[in-house]
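Enquirer: Only the shape, not the letters, is given here:
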């Protein structure tokens, strides 16, 4: 058994396949998901697990160099994206929610949470640890 870190085997496997510039999406419970993109669905019930909990756990294992959020996203969510991704303000791009949904088809992985905060979705662009 692992001593620490992520315990979900499907999530660990999916993350291990990500490379530089790959897109990984953290999705709330209501985001419509494309059929042809790998999804790790962590949702249990509305609100569980929260976006905050999932992002903090996963981002401890992942290196990112940028993020895209919907312009409709609440300010506290954008702050969470910047904090967990260790991103400067300039590393976050804003697009409409409709554009974000269209961008899902280019993602390598979508991680679905149980979060119900409106517009709490982010596309992270993977970086490199060196």
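Expert: Yes, it's here. All figures in this text were calculated on a predicted structure; none of them were measured in a lab. Numbering: from 1, shown residues only.
Enquirer: how much space is there between the residue nearest the centre of the chain and residue 1?
Expert: Note on the chain: the residue nearest the mean C-alpha position is residue 26, at 2.4 Å, using Cα atoms, centre = their mean. Distance of residue 26 to residue 1, given as Cβ to Cβ, to the nearest Å: 26 Å. Heads up, the C-betas are built off the backbone N, CA and C, glycines and all.
Enquirer: Tell me if I'm right that the residue nearest to the centre of the chain and residue 124 touch.
Expert: Yes: taking Cβ atoms under 8 Å as the definition, residue 26 is a contact partner of residue 124 at 7.2 Å.
Enquirer: Longest helix in this protein, by number of residues?
Expert: Looking across the chain with DSSP state H, the single longest helix is helix 75-85.
Enquirer: chain center to it: distance?
Expert: Averaging C-alpha positions (Cα atoms, centre = their mean, to the nearest Å) puts helix 75-85 11 Å from its chain's average.
Enquirer: Beyond that helix, next helix or strand please.
Expert: Moving toward the C-terminus from helix 75-85, the next helix or strand (DSSP states H and E) is strand 92-95.
Enquirer: the strands in this structure, which residues?
Expert: 23-27, 38-41, 64-70, 92-95, 109-112, 122-126 (DSSP state E).
Enquirer: What residues of the second one count as buried?
Expert: The one in question is strand 38-41. If you call a residue buried by 16 or more other Cβ atoms under 10 Å, then strand 38-41 has these buried ones: 39, 40.
Enquirer: Average pLDDT for that strand, rounded please.
Expert: Strand 38-41 comes out with an average pLDDT of 98.
Enquirer: Show me what that strand pairs with in its sheet, parallel or antiparallel.
Expert: Within its sheet, strand 38-41 is paired with strand 109-112 (parallel), according to DSSP bridges.
Enquirer: what's around residue 7, how many residues?
Expert: For residue 7, the count of nearby residues is 10 (other Cβ atoms under 10 Å).
Enquirer: What's the separation between it and residue 40?
Expert: From residue 7 to residue 40 the distance is 13 Å (Cβ to Cβ).
Enquirer: Ok, residue 115 next?
Expert: Distance, residue 115 to residue 40, by Cβ to Cβ: 15 Å.
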